[in-house]
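Student: Starting from these lines, generate the structure:
(chains A and B)
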Amino acid sequence: MNLPIYLDNNATTPMDPRVLEAMLPYFTSKFGNAASRNHPFGWVAEEAVDYAREQVAKLIGATEKEIIFTSGATESDNLAIKGVFEMYKEKGNHIITTVTEHKAVLDACKHVEKMGGRVTYLPVKEDGLVDLELLEQSMGSDTILVSVMYGNNEIGVIQPIREIAAITHKHGALFMTDAVQAVGKIPVDVIADGIDLLALSAHKIYGPKGVGALYVRRKGPRVKVTAQMDGGGHERGMRSGTLNVPGIVGLGKACELCMQEMESEAKRLSALRDKLQNSLLELEESYVNGNTTHRLPHVANISFKYVEGEGLMMAMKDLAVSSGSACTSASLEPSYVLKSLGLSDDLAHSSIRFGLGRFTTEEEVDYAIEVTKKSVLHLRDLSPLWEMFKEGVDLSKIEWAEH
Amino acid sequence: MAYSEKVIDHYTNPRNVGTLDKSSHKVGTGLVGAPECGDVMRLQIQVDDNNMITDAKFKTFGCGSAIASSSLATEWLKGKSIDDAMKIDNMDIVEELALPPVKIHCSVLAEDAIKAAINDYRIKNGLEAIASEKVHH
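Tutor: Here you go, the predicted structure:
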């Protein structure tokens, strides 16, 4: 077992060696521009891109013409939200999303507001899921788009996508989902789920960084987005720019591997995750954040009360994890996702996200359990809050000097 | 962001962790910060009849720099007179631990904790609290 152990697979994943192998020829011998129609170099590249397009489409139940390659999910989110807003503004200017979305969605929505759009940011329930009744009430005749993420990056909860899509369509709007964390981890099917636009990324599914895709439905209804970059009119006019052929080949291969291995991987990872979670919940005053039934198989977000997340991560220096605490940011604000679950700031500061992945072993999980437990106990020995809690002091009654 | 060696040292082997009897009139306790902000420090001093600090203890809820700042503060406090302890400046802590700008608030909190502990001791012993007029860097 090599240290440190990587348990931050929601941030990014290591590339699968099989993906790298597939990509390599496209850097050197097969370097052609996929848009070069007049010679074999171009044809070879184009053929590779077409094949990758099929691999990506297959994973999400789409057809290859519905896949637009981008530089990643941030670009896909921007293209979908701004592109739909510009294309459908005759019909309406209202967009609905949720407060727990990724910043790429939230900030694209902020941009839309500056362009004259109206955006509703739906709160989520305590378990992180969207309140369907509230969604229904928020829909109007001017609503053109509903954008709700498939699986959340911080707590891993899976939204009721089919129900959300049905409500959206009932009111004549389009349904978009940022599915970066879900695609390749759980079955995603754009037809069965009723998805009109879907953003995905290669580097979260053991592919390379800097490449992603946007699914844009072509039938029932035919969805169009306004291009956000001007240029050569690549990708059916929706996304100009010479195609990143090696990256696209890598994304395709990554999708193919997920397609083959997803089912068994999900079983393996959820068993490991449950082992980790159950062992850590043996610690007093530790809590899982977010819904545990509707959840991605590889994620557990746990708060260890009376211990600060960043301090805890420092103690677990051989584990690469992530914390909802943000002691380094100027604002000292903890995670907005955790806060939107109604978590108090101190519990949000005490949270650690464990993200398992394809290369996580049981030995590593066992080590992570041991180190985390030891670290939490060590930091509680240092924590005045823990001592006060143990003495029966009600911490909420103390007048803290906020700084 | 990487931590400095001194922060890691104090974090890994914190000095003077513990609790003094807060009901004793010889003990001053400073509790500063807030759980919502992600750091709370409790610093305690034991003072003898000559106004010398004979012991200091801390417990801190916070990041590595906050723990290191309070650990360092207890080391500096032991053996100092109350008057000298009042002179400990947060920037001394910043310098000693090589704290980056985003962690300066940890040193500010440690200085606040020292002053709060001293004032608690003074009030317990019928003295006036010393107001801090200092504007932090």
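
Student: which parts of the strand or helix carrying residue A:23 are buried?
Tutor: For residue A:23, the element it lies in under DSSP states H and E is helix A:17-23. Of all the residues in helix A:17-23, those buried under the rule 16 or more other CB atoms under 10 Å in any protein chain shown are A:19, A:22-23. For every residue, glycine as well, the C-beta is placed using N, CA and C.

Student: Looking at the residues you listed, which one is closest to chain B?
Tutor: residue A:19 (30.4 Å; CB to the nearest CB).

Student: isn't that closest one right up against residue A:252?
Tutor: No: Residue A:19 is not in contact with residue A:252 according to CB atoms under 8 Å; the separation is 9.1 Å.

Student: hang on, the earlier thing: can you add pLDDT and distance to residue A:375 and give the buried residues of helix A:17-23 back as CSV?
Tutor: Below are these laid out as CSV (pLDDT from 0 to 100; distance: CB to CB, whole Å):
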residue, pLDDT, distance to residue A:375
A:19, 98, 34
A:22, 98, 40
A:23, 98, 38
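
Student: Show me the contact partners of whatever helix or strand comes next after the helix holding residue A:23.
Tutor: On the C-terminal side of helix A:17-23, the closest following helix or strand by DSSP H and E is helix A:40-60. Helix A:40-60 has contacts (CB atoms under 8 Å, 6 or more residues apart in numbering or on different chains) with A:26, A:30-37, A:62-64, A:66-67, A:69, A:179, A:183-184, A:188-190, A:198, A:200, A:213, A:215, A:243, A:245, A:248-249, A:251-253, A:255-256, A:258-259.

Student: Rebuild the buried residues of helix A:17-23 as TSV, extending it with distance to chain B.
Tutor: TSV is the format used below for those (distance: CB to the nearest CB, whole Å):
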residue	distance to chain B
A:19	30
A:22	35
A:23	32
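
Student: check contacts around residue A:71.
Tutor: A:210-212, A:244.

Student: And the pLDDT for the residue of the stretch 51-200 of chain A found nearest chain B?
Tutor: Per CB to the nearest CB, residue A:154 is where the stretch 51-200 of chain A lies closest to chain B, at 16.7 Å. For residue A:154, the pLDDT comes out at 95.

Student: tell me the SS of it?
Tutor: coil (DSSP: H, G, I helix; E, B strand; the rest coil).

Student: Nearest spatial neighbour of it, chain-adjacent residues omitted?
Tutor: Leaving aside its sequence neighbours, residue A:154 sits nearest to residue A:337 (CB to CB, 6 or more residues apart in numbering or on different chains; 4.3 Å).

Student: before we move on, back to that, the residue of the stretch 51-200 of chain A closest to chain B: how many residues sit nearby?
Tutor: Residues lying near residue A:154 (other CB atoms under 10 Å in any protein chain shown) number 24.

Student: and it, what are its phi and psi?
Tutor: phi -90, psi -40 (degrees, to the nearest 10).

Student: Surely residue A:378 is in a strand?
Tutor: No: counting by three-state DSSP, residue A:378 is not found in a strand; it is helix.

Student: my read: it touches residue A:315, true?
Tutor: Yes: using CB under 8 Å, residue A:378 is in contact with residue A:315, at 6.0 Å.

Student: Roughly how far does the closest residue to residue A:283 other than its chain neighbours sit from residue B:109?
Tutor: Of all residues not flanking residue A:283 in the chain, residue A:376 sits nearest, at 5.6 Å (CB to CB, 6+ apart). Counting by CB to CB, to the nearest Å, the separation of residue A:376 from residue B:109 is 22 Å.
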